[in-house]
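Student: Predicted model and sequence follow; I will ask about them next.
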Amino acid sequence: MEVNDTKNLYDVTELQDYDDQSGYKPGPVTSGGLQHQALVSVGKFGTVILIVVALLIFLGLVILLGITGLTLTNLNKLPVCDNTASTSSGVSATIKKLPNCTVVYSTWTDELVKNNTILQTKVMELSMALERQGNKVNQLTNTSARIFNVAQDTAMKVDDIYSYTDINTTGNIKQILNTTKDSANMLLDIVGSLTNIEGNGISTAAIVDDIILVANKLLELQNESTLVTSTGPVSCNDIKMAHPNSVTGYYHAGGHTIYCNMDQLCSSGGGWTRVAYLDMSDATQSCPTGFTLYTLDGNRYCGRSISNSPSCTSAKFFTNGISYSQICGRVEGYQKNTPDALYNGNPQRNNIDSSYVDGVSITRGSPRQHVWTLVATGATTIFFGGQFNCPCSPGSVQQVPSFIGNNYYCEGGRGDPLWDGQDCLPIETNCCSSPYLPWFYRQYNASTTDYIELRVCGDQSTVDEDAPVGLYEIYVK
């Protein structure tokens, strides 16, 4: 197919006319090629557009200058730092006295540094708290281990205690075993808490309190079990001190079974160790070796060995090494025939080692040191000028030996137990005025382990007179 090539061809004259209408002016042609002096000819519409663009550019510059000025103003409000470090030219940047800092921070930077400092402080506190927590855990673990060692030792002591079990100590052993059981259960709870400290954040204060409670119980139990299994001298006062809630009764301690009075006695609290005891109203008991059994008015009594002359029959009571500085005791006797108290005519009346009294002499140690004298008389009224009446009775002429002093009781009257503080005769009012009756009490400045001796004495034959005893109990502390 042929194409009409003349279709798109224009006459030069036609092109010129078009250029004139559109405002296009051709530039000069040189030998070096074509050069356009102007590529665009701006009309009225183009001029308006250029003016708008120029205004927008100017407005943008104004906004930019405003932002720059505001920024500089805020920077001037910040503390300028003293930067005395050398610049690249070696000139110091310090102009005047400035705040002590090395870098100028923006407000956000200052806040960041502040928060970072607080964070570091909290981290350090947390680290220290964790370290303390770790130390507490270690301490609690060590304490728990020590308590377990004590518990194990106590368990062995409980086994030892079982070997000494008798009907009188069953209650004490039950008490020990119950304490051991309770302590073991508490230990299990504590150990369980220790293992959960990190996981649960449990407070160690409660655990420490529990450990102290268990430790005190085990210490109390340890003291008691140590006393029970000790081979050395152990007194009831030792037991009372170690276990304040101990009750009156029998205890096995120091290799011996002892009877303890843990109640008030002679106005001196508890913890009394009994060293002597006899109660002839108990059919299972018998007179000490050397004494004579009497049955008077239906009651059994123990008197002097049969003798045709002045004599004393003695019983010694040893403390088994227990030290004491106090003695508390009581004796009940009975008038047999005609005892005459501290008769002035008795040639032995001033000799503590002889039959100085019709009655009972209590001494301690060797040589004998006087503790108490219990005087018996057959006189119920003043007769023979008061020669045979108690020295504490009005009208009596008897004199008390110096080694006795005021440490004696005196009473008479057949049918009435002597020295029990009851049913005293009218002439014996002064003799029965002691607040301690029927107990006697002595306290010494120094402790001793001396044995205590009880003697029934008479300055005549046993046929003529005697003052047998039906009950006595003597305690030391």
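Tutor: Ah, there it is.
Student: The chain - how does it break down into domains?
Tutor: Domains of the chain are assigned by automatic domain parsing as 126-229, 260-476.
Student: Rounded mean pLDDT for the longest one, please.
Tutor: Domain 260-476 shows an average pLDDT of 95 in the prediction.
Student: start to end distance for it?
Tutor: Terminal residues of domain 260-476 are spaced 10 Å apart (Cα to Cα, to the nearest Å).
Student: the helices in the stretch 351-477 of the chain, which residues?
Tutor: Remark: no helices are assigned in the stretch 351-477 of the chain by DSSP state H, counting those that start in this stretch.
Student: where do the strands sit along it?
Tutor: 359-364, 369-377, 408-412, 439-448, 452-458, 465-466, 469-476 (DSSP state E, counting those that start in this stretch).
Student: Turn those into a markdown table, including distance to Phe291 and mean neighbour count.
Tutor: Just so you know, the C-beta spots here come from the backbone N, C-alpha and C atoms, and that holds for glycine as well. Output for those, formatted as a markdown table (distance: least, Cβ to Cβ, whole Å; neighbours: other Cβ atoms under 10 Å):
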| stretch | distance to Phe291 | mean neighbour count |
| --- | --- | --- |
| strand 359-364 | 12 | 25 |
| strand 369-377 | 16 | 24 |
| strand 408-412 | 21 | 27 |
| strand 439-448 | 21 | 14 |
| strand 452-458 | 7 | 25 |
| strand 465-466 | 11 | 26 |
| strand 469-476 | 8 | 24 |
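Student: Out of those strands, the one nearest Ser305 is which?
Tutor: With Cβ to Cβ as the criterion, Ser305 lies closest to strand 452-458 of the strands of the stretch 351-477 of the chain, at 9.3 Å.
Student: Lys336 reaches Asp466, doesn't it?
Tutor: Yes. Using Cβ atoms under 8 Å, Lys336 is in contact with Asp466, at 4.1 Å.
Student: any residues in contact with both of the two?
Tutor: Here Lys336 and Asp466 share the contacting residues Tyr294, Gly303, scored by Cβ atoms under 8 Å, 6 or more residues apart in numbering.
Student: Can you tell me the SS state at Lys240?
Tutor: helix (DSSP: H, G, I helix; E, B strand; the rest coil).
Student: so how far is Asn261 from it?
Tutor: Distance, Lys240 to Asn261, by Cβ to Cβ, to the nearest Å: 10 Å.
Student: same thing with Ile382?
Tutor: For Ile382 relative to Asn261 (Cβ to Cβ), the value is 39 Å.
Student: Compare these two (neighbour count), which wins?
Tutor: Asn261 (20 against 16; other Cβ atoms under 10 Å).
Student: For the more buried one, which residues are in contact?
Tutor: Asn261 makes contact with Cys236, Thr248, Gly270, Gly271, Trp272, Arg274, Tyr475, according to Cβ under 8 Å, 6+ apart.
Student: what number of residues lie near the closest residue to Val476 other than its chain neighbours?
Tutor: Distances taken as Cβ to Cβ, 6 or more residues apart in numbering place Tyr324 nearest to Val476, at 3.6 Å, with adjacent residues excluded. Using other Cβ under 10 Å, Tyr324 has 21 neighbouring residues.
Student: Check Gly290 too.
Tutor: By other Cβ under 10 Å, 12 other residues sit near Gly290.
Student: hmm, which two among the contacts of Asn261 are most spread apart?
Tutor: Gly270 and Arg274 (12.3 Å).
Student: Overlap of the contact sets of those two?
Tutor: Going by Cβ under 8 Å, 6+ apart, residues that sit against Gly270 and also against Arg274 are Cys236, Cys260, Asn261.
Student: From Gly413, how far out is the nearest residue to Thr381 once chain neighbours are set aside?
Tutor: Nearest residue to Thr381, sequence neighbours excluded (Cβ to Cβ, 6+ apart): Ile427, at 6.7 Å. Separation of Ile427 from Gly413 (Cβ to Cβ) stands at 10 Å.
Student: Give me the more crowded residue out of those two.
Tutor: Between Ile427 and Gly413, counted using other Cβ under 10 Å, the more crowded position is Ile427 (20 against 17).
Student: Could you export the strands of the stretch 351-477 of the chain as TSV, including distance to Asn299?
Tutor: Below are the strands of the stretch 351-477 of the chain laid out as TSV (distance: least, Cβ to Cβ, whole Å):
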stretch	distance to Asn299
strand 359-364	17
strand 369-377	16
strand 408-412	16
strand 439-448	21
strand 452-458	16
strand 465-466	14
strand 469-476	6
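Student: between those, which gets nearest to Cys392?
Tutor: Nearest to Cys392 among the strands of the stretch 351-477 of the chain is strand 408-412; the distance by Cβ to Cβ comes to 5.5 Å.
Student: sorry, back to before: now flag whichever of the shared contacts of Gly270 and Arg274 is closest to Gly365.
Tutor: Cys236 (20.8 Å).
Student: Relative to Leu265, how far out is that closest one?
Tutor: For Cys236, the distance to Leu265 - Cβ to Cβ - is 11 Å.
Student: shared neighbours, the two?
Tutor: In contact with both Cys236 and Leu265: Trp272, using Cβ under 8 Å, 6+ apart.
Student: Between these two, which has more neighbouring residues?
Tutor: Taking Cys236 and Leu265 together and counting by other Cβ under 10 Å, Cys236 has the greater number of neighbours (25 against 19).
Student: I'd say that one and Asp263 touch.
Tutor: No. In this structure, Cys236 is not within contact of Asp263 by Cβ under 8 Å, at 11.1 Å.
Student: what's the overlap in contacts for the two?
Tutor: Gly270.
Student: Would you enumerate the residues in contact with the closest residue in space to Cys424 that isn't next to it in sequence?
Tutor: In space, and not counting its chain neighbours, Cys424 is closest to Cys432: 3.8 Å by Cβ to Cβ, 6+ apart. Cys432 is in contact with Glu411, Gly421, Cys424, counting by Cβ under 8 Å, 6+ apart.
Student: and if you look at Val397?
Tutor: Asn344, Gly385, Gly386, Gln387.
Student: Filter these down to the buried ones, ChimeraX style.
Tutor: Once 16 or more other Cβ atoms under 10 Å is used to decide burial, the buried members of those can be selected in ChimeraX as follows:
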select :386,387
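Student: can you put the contacts of Val397 in a markdown table and add distance to Phe440?
Tutor: Below are these laid out as a markdown table (distance: Cβ to Cβ, whole Å):
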| residue | distance to Phe440 |
| --- | --- |
| Asn344 | 24 |
| Gly385 | 29 |
| Gly386 | 25 |
| Gln387 | 26 |
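Student: which one of the contacts of Val397 is nearest Ala446?
Tutor: Closest approach to Ala446 among those (Cβ to Cβ): Asn344, at 33.9 Å.
Student: wait, isn't the closest one in contact with Ser396?
Tutor: No. Using Cβ under 8 Å, Asn344 is not in contact with Ser396, being 10.1 Å away.
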